[in-house]
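Q: Whatever this is, show me its structure:
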Amino acid sequence: MKTNELRAKSPTELQQELLAMLKAQFGLRMQHATQQLSNTNQLRNVRRDIARIKTILCQKEKKS
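A: I've put the predicted structure just below:
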């Protein structure tokens, strides 16, 4: 997910996106724990997307 796309969204949309990413991360962690995850790079990408969303949310809160 690109930062430009995230900056265009409202804080409520970002919260919803964050919840979806956290659920996806949980699912990937469970797949990894049961050794069903073949592409472990997905964990890294989701974790970084979560960080991006949280960063942009904090920036928007400080702005207003």
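Q: now the helices for the protein?
A: Under the criterion DSSP state H, the chain carries helices at the ranges 3-7, 11-33, 41-63.
Q: what is the rounded mean pLDDT of the shortest one?
A: Pointing back at helix 3-7 there. Along helix 3-7, the predicted local confidence has a mean pLDDT of 93.
Q: How about that helix, which residues are buried there?
A: Of the residues in helix 3-7, those buried by neighbour count under the rule 16 or more other CB atoms under 10 Å are residue 6. Every residue, glycine included, has its C-beta placed from N, CA and C.
Q: helices and strands around it, which ones?
A: Secondary structure elements in contact with helix 3-7, counted by 3 or more CB pairs under 8 Å, 6 or more residues apart in numbering; DSSP states H and E, are helix 41-63.
Q: which residues are in contact with the helix it packs on?
A: Surrounding helix 41-63, the residues in contact under the criterion CB atoms under 8 Å, 6 or more residues apart in numbering are 1, 3, 6-7, 11, 14-15, 17-18, 21-22, 24-25, 28-29, 32, 37.
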